[in-house]
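>>> Give me coordinates for this.
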Amino acid sequence: MLNSYSSADKVLLAVDCIIFGFDNEGLKILLIKRDFEPEKGKWSLMGGFLKRDEVLDDAAIRILNTYTGLNDIYMEQLYAYSEIDRDPVERTISVSYYALINIENHNAELIKNYHAQWFSVADAPNLIFDHNEMVQHAIRRLRYRTSIKPIGFELLPEKFTMRQLLELYEAILSKELDKRNFISKINSLEILNKLDEKDMQSSRKGSYLYTFNKEKYEEKLLNDFVLNL
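Residues are numbered from 1 along each chain as shown. Reported below is the predicted structural model:
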C-alpha cells in the first residue's frame with residue numbers, strides 16, 4: 001500500500017557541495033582528500049548526510065560552514081543523483097549544490113585540517129563516484145547564470161577593479177570578452193559603486209576600485225532581465 005511507511009525501502013540522502021573560488025590564476029574548486037573507505041585517499045567533493053531535523057538547504061549550509069568556516073554563502077541547488085550503484089556501500093541519493101566564496105575569506109586553517117585543497121577547474125583531479133559529473137553540471141549552470149545575471153561578486157575581494165571583474169567573467173565563461181562592451185553592460189546595471197581609491201599596482205596611473213551595491217545587486221537578481229554576455 002502507498003501509505004505503508006514501515007514496508008517502504010529506506011535510503012540515505014547525501015548533500016554534496018561544489019565550492020568555487022577565484023584568484024588571479026582563474027576559477028578554482030575546493031576538494032577534499034577522502035579519509036575513509038570506500039575510495040580512501042582519493043579526491044572528493046565536500047559532503048555529508050541529511051539529518052532528521054534538517055531541510056536540504058540547512059544541510060548544505062552546515063557542510064559549507066564545517067569545511068570553510070563561512071556563513072551567508074551564495075549557493076544554489078543543482079540536481080539529484082539516484083543511480084542505484086553510485087555508492088558501493090549503501091543505496092544513497094545525493095543532491096548537489098554549488099557555492100561561490102572569496103578564497104581570501106575562508107578559514108585556511110580549517111581547510112588544512114580537513115586535508116582540502118584548491119585546484120584550478122581546468123586541472124582538477126579525477127573524483128570519486130559521480131562527483132565529476134556533478135562538477136560539470138555545476139560549471140554549466142554557473143556559466144549560464146553568469147551569462148544572463150550579475151552573479152559572481154562573491155568570488156571577488158570587497159574592493160575590486162573593473163579588470164578583475166572582467167577577468168572573473170572570462171574565467172567563468174572560459175572565453176575572451178570585449179572589454180568595452182562588457183564595461184558598458186555592467187555599468188548599465190548600476191550595481192557598482194565607484195570609489196575615489198585606486199589600485200596603483202595595475203598600472204602607473206592606477207585603476208579605480210569598485211564595490212558592489214548589495215541592495216541593487218539583489219534587486220537585479222530578482223528581476224527578469226538578460227545580461228547577454
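
>>> What lies in contact with the host helix or strand of residue 184?
Secondary structure from DSSP states H and E places residue 184 in helix 179-189. Here helix 179-189 makes contact (C-beta atoms under 8 Å, 6 or more residues apart in numbering) with 150, 162, 165, 166, 169, 192, 216, 220, 227, 228, 229. All C-beta spots, glycine's among them, are computed from the backbone N, C-alpha and C.

>>> one more time with 10 Å
For helix 179-189, contacts defined as C-beta atoms under 10 Å, 6 or more residues apart in numbering pick out 149-150, 162-163, 165-166, 169-170, 177-178, 192, 194, 210, 212-213, 216-217, 219-220, 225, 227-229.

>>> out of those residues, which are inside helices?
In helices, defined here by DSSP state H, the members of the contacts of helix 179-189 are 162, 163, 165, 166, 169, 170, 216, 217, 219, 220.

>>> Show me how to select, in PyMOL, the buried members of the contacts of helix 179-189.
Selection of buried members from those for PyMOL, criterion 16 or more other C-beta atoms under 10 Å:
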select buried, resi 149+150+162+165+166+169+170+192+210+212+217+220+227+229
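
>>> what stretches of this protein score poorly on pLDDT?
Within the chain, the ranges that satisfy pLDDT under 70 run 1-3, 221, 224-226.

>>> Could you chop it up by domain?
12-146, 160-222 (automatic domain parsing).

>>> Let's have those in CSV, adding distance to residue 5.
Formatted as CSV, these follow (distance: least, C-beta to C-beta, whole Å):
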stretch, distance to residue 5
domain 12-146, 14
domain 160-222, 39
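
>>> Any chance of the backbone angles for residue 117?
Taking degrees, to the nearest 10, you get phi -150, psi 140 for the backbone angles of residue 117.

>>> burial measure for it, as a count.
Residues lying near residue 117 (other C-beta atoms under 10 Å) number 16.

>>> Surely it touches residue 103?
No: counting by C-beta atoms under 10 Å, residue 103 is not a contact partner of residue 117; they are 11.9 Å apart.

>>> what's the overlap in contacts for the two?
Contact criterion C-beta under 10 Å, 6+ apart; residues shared by residue 117 and residue 103: 28, 30.

>>> Please state the offset of stretch 51-68 from the chain centre?
Computed by C-alpha atoms, centre = their mean, to the nearest Å, the separation of stretch 51-68 from the middle of its chain amounts to 15 Å.

>>> buried residues in it?
Those would be 59, 60, 61, 63, 64, 67, 68, for stretch 51-68 by 16+ other C-beta under 10 Å.

>>> Over to stretch 94-104?
The neighbour-count check on stretch 94-104 (16+ other C-beta under 10 Å) flags 94, 95, 96, 97, 98, 99, 100, 101, 102, 103 as buried.
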